[in-house]
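> My questions are about this predicted structure, shown below with the sequence.
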Amino acid sequence: MASIKTQFVIPAKMKTWSYGLMGVGILAFLIGFFTMGMSSDPHQSATFWGTIMYNSVYFLLITNIAMFFYCALTLGMSAWQVSFSRVAEAISAAVPVLGLVAGVLLIGLVVTKSHIYHWTDVDAVKADAILTHKHGFLNAPFYILWTVASIGLWALLGARMRKFTQEADQPFEDPHHKQKFIFRKTVNASLFLAWFAVTAGCVTPWMWLMSLDPHWYSTMYSWYIFASSFVGGLALITLFVIYLKNKGYLELTNQEHLHDLGKFLFAFSIFWTYIWFAQYMLIWYANIPEETIYFKTRIQGEFKGVFFLNLVINFVCPILILMSRPAKRNYTMMTFMAVLLLFGHWLDFYQIIMGSVSVHHITLGWLDFGIAALFVGITIYLVGKALAKRPLVPKYDPFLKESIIHHT
Amino acid sequence: MAKKKFVVASFDDEANLFPAVEKTRKAGYKIHDVYTPFPMHGLDHVMGLRETSLHTAGFIYGILGTCTALGCMSWIFVSDWPQIYDGKPHFALPAFIPITFELTVLFAAVGMVYTFCWLCQLAPFVKKHIFHPRQTDDIFVMAVECTAQTDVAELERFFDDKGTVSVEIQEAEAGWWWGRFDKEQQIINENAVEVL
């Protein structure tokens, strides 16, 4: 045990890459801001702010998922993840900063009555029976309150969990303390999960994303967003685990753990498709105009290509490639799939949001990739810093031994 | 099926079983099977068994289910009995998907169960020789088949230092048979019970 490397030192290359990506991103942001964001054409500025918005929401949700992953497995009394659990915790440490960015942006969009959110237009709401009806839910004060509460408590409860698990860095006095540690860990995990359930699994995606089409609603929507961000978050965890293994850290994590991460990626890609189809088929079957409007613009309009590419990347690829056991145990294949799925769900968020913001024009271009680079850079920077701050393995976690001898 | 001669070694500790199985295989003896009261990780590797191809069979059954469902529904709704339901096209793919999914799962599941039974030679009324009455209780049993080349006495001596609780020679049916355990087929071997 004494021989394993527990202190992560941020490699110079990682720093260079994160600064480089952030530099490219800031450049893209500035060019976009002056050419599109400041534009008097409402469509141009909506495209710009929509692009920033889906990127910030996507990266906030997938980093927050890391804490969900950790808490859900903790509550399930699972042990296999303990040897790399600090990676998931470190990813969730990016939530406060990404949350601040996304929160300020989202609240700003509502306060300035942006073109993106049609329901912020007071006159339009008055003239519209449906929007008047929804006013009790879709109004600026509640939006701001709920956004602040969502992000704030994700960050707070996540930080509380991360602080609590530091206890596993020192030896426990006796078995009684270990039991107590496990019990209190499950309590902390359930606090986070309960809040996560009513926000990310329920109301928050309705407010942030579904209200882009204020007339339209779908009961599957929040689950769909959750499934999409969960696959993205799992891919992110997998990538960081493989990166650390390549650098010679995480000696206790091996193919068996990678295999289980692969199973998670595979299973939740199928889950995502299940949700995708459940939402699609009911609307297709009922064929009610208020409901079909969402799919009409995506399947018959400009977004057709992106819409079906999304299904190929996020369903056909994982089901065919990740089905076999050797693929899930292969580091190269898993890296490839994690990158592909991370991109695939980014594309999913692109069509979810831009399909409503820029209905008639596909806007995928330099701005999207530039802003994505900005957030990738921020994520790498924050996660690297969080990884270096604490030991990489919770040495005295009561479940660590089970994780070491894990066998699938 | 034919009657064969077996040297049956019993263990009461899996820590002794694993090295014994490995050494027996390395020594070139033919292991008939190893019986344990509970599933044991890694025993298949020690015994030198190949990876099961049950999942490949499952995949093929699944594809078969997909094709059956899609083919059947397309034929019925498009050419055999075309009708318009709810203004949808004859080939209404989204409506077919749930049934396709169900049939894929059904074919894969049922097919794999039967394939598993076939591979393990399990069926109602099929009987197999029980080497030790406690092999489903607390004793790990390894049955080594004696071929024409096997020196039985040497094989018995081979187990002397392997941590066995009993080693005995049994003449028994190697395969399976229909019906019941008859009187000649001693289920409870008095000899073994006395030793323990």
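Looks like it arrived, so ask away.
> Need the residue in chain B that's farthest from the chain's center.
No residue in chain B sits farther from the centre than B:Gly87, which is 51.4 Å out by Cα atoms, centre = their mean.
> since we're on residue 133, how many residues are nearby?
I'll assume chain A. 11 (other Cβ atoms under 10 Å in any protein chain shown). (Glycine included, C-beta is placed from N, CA and C.)
> To clarify, I was referring to chain B.
16.
> just A:Ser218 next, same as before
Neighbours around A:Ser218, by other Cβ under 10 Å: 18.
> which intervals of chain A have sub-threshold pLDDT?
Counting by pLDDT under 70, chain A shows low-confidence ranges at A:1-2.
> Which residues of it lie near chain B?
Selection of chain A residues close to chain B by Cβ under 8 Å from any Cβ of the partner chain yields A:Phe277, A:Tyr280, A:Met281, A:Trp284, A:Tyr285, A:Asn287, A:Met323, A:Arg325, A:His407.
> Quick check, the fourth one in contact with A:Phe295.
Yes - counting by Cβ atoms under 8 Å, a contact exists between A:Trp284 and A:Phe295, whose distance comes to 7.2 Å.
> about what we covered before: can you name the two of the residues of chain A next to chain B that sit furthest apart?
Within those, A:Asn287 and A:His407 form the most distant pair, 50.6 Å apart (Cβ to Cβ).
> So these two - more neighbours on which side?
A:Asn287 (11 against 8).
> From A:Gln300, how far off is the more buried one?
A:Asn287 is 14 Å from A:Gln300, where distance means Cβ to Cβ, to the nearest Å.
> And A:Phe69, by the same measure?
37 Å.
> which one of those two has more residues nearby?
A:Phe69 (23 against 11).
> Which of the helices or strands spans that one?
helix A:42-75 (DSSP states H and E).
> How far off centre is that helix?
Remark: helix A:42-75 is offset 5 Å from the chain centroid, using Cα atoms, centre = their mean, to the nearest Å.
> Stretch A:18-26 too?
20 Å.
> Now restrict the residues of chain A next to chain B to buried residues only.
Those of those that meet the buried threshold are A:Phe277, A:Tyr280, A:Trp284, by 16 or more other Cβ atoms under 10 Å in any protein chain shown.
> How about the contacts made by the last one?
In other words, A:Trp284. A:Thr292, A:Phe295, B:Pro94 (Cβ atoms under 8 Å, 6 or more residues apart in numbering or on different chains).
> among those residues, who's most crowded?
A:Phe295 (18 neighbours).
> so what's the residue of the stretch 101-250 of chain A found nearest chain B closest to, chain neighbours aside?
Closest to chain B within the stretch 101-250 of chain A is A:Met220: 14.5 Å, counting by Cβ to the nearest Cβ. Counting by Cβ to Cβ, 6 or more residues apart in numbering or on different chains, A:Met220 lies nearest to A:Gln279, which is 3.9 Å off, once chain neighbours are set aside.
> Quick check: which element contains the one you found?
helix A:255-286.
> tell me the secondary structure for B:Arg134?
Following DSSP: H, G, I helix; E, B strand; the rest coil, we place B:Arg134 in the coil state.
> Quick check: it vs chain A, distance?
B:Arg134 sits at a distance of 27 Å from chain A (criterion: Cβ to the nearest Cβ, to the nearest Å).
> Thanks a lot, catch you later.
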